[in-house]
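Undergrad: Coordinates for the following, if possible.
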Amino acid sequence: MIQRMPFSEITKLDLVPQAILRKPLSYFQRHLHMDIVRGEDDLDAFEGAALSLNGTLPFALKHYAGYPENTTTIYLSGNVTDIDAITSIINTIVRELELNNEAVEWQRSDDPDL
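TA: Below is the predicted model:
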């Protein structure tokens, strides 16, 4: 189950992009009734939301200025490094977001060395 969490909690983590979805962030805002935070970090300006999977695994949905339109990136903690675990987590998140695998444009298993 996906739960909303304060964005300030997710900023404490070293986040790594693990999948790109073919959906704009606004889709998730409407679908999950979540608040979108606007911010800026070392990379660029972004919009995003902080969520958790089953209340135990935090992740972020983010879209940076300059990223392709109508996409959202899933970020996980940099502590999650095993490719099989990342793939399983992404599959669970996608399923919980009520999307199908066709919505995944890219995920870490497509290019593990990136």
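Undergrad: Run through the strands of this structure in chain order.
TA: Counting by DSSP state E, the chain forms strands over residues 2-4, 15-21, 37-40, 45-53, 57-64, 72-77, 104-107, given from the N-terminal end onward.
Undergrad: would a markdown table of those strands with distance to Gln29, mean neighbour count and mean pLDDT be doable?
TA: Using the backbone N, CA and C atoms, a C-beta is placed for each residue, glycine as well. As requested, the strands of the chain are arranged in a markdown table below (distance: least, C-beta to C-beta, whole Å; neighbours: other C-beta atoms under 10 Å; pLDDT from 0 to 100):
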| stretch | distance to Gln29 | mean neighbour count | mean pLDDT |
| --- | --- | --- | --- |
| strand 2-4 | 11 | 15 | 93 |
| strand 15-21 | 13 | 21 | 97 |
| strand 37-40 | 11 | 12 | 94 |
| strand 45-53 | 7 | 19 | 96 |
| strand 57-64 | 9 | 22 | 97 |
| strand 72-77 | 10 | 22 | 98 |
| strand 104-107 | 19 | 18 | 97 |
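Undergrad: how about CSV for these, with distance to His31 added?
TA: Written out in CSV, the entries for the strands of the chain read as follows (distance: least, C-beta to C-beta, whole Å):
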stretch, distance to His31
strand 2-4, 10
strand 15-21, 12
strand 37-40, 17
strand 45-53, 11
strand 57-64, 11
strand 72-77, 11
strand 104-107, 16
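Undergrad: Of the ones you listed, which is nearest Ile86?
TA: Closest to Ile86 of these is strand 15-21 (C-beta to C-beta; 5.3 Å).
Undergrad: chain center to the closest one: distance?
TA: Using C-alpha atoms, centre = their mean, to the nearest Å, the distance from the centre of strand 15-21 to the centre of the chain it belongs to is 6 Å.
Undergrad: Show residues contacting that strand.
TA: Contacts of strand 15-21 with the rest of the structure, by C-beta atoms under 8 Å, 6 or more residues apart in numbering, involve 60, 71-78, 80, 86, 89-90, 93-94, 97, 99, 103-108.
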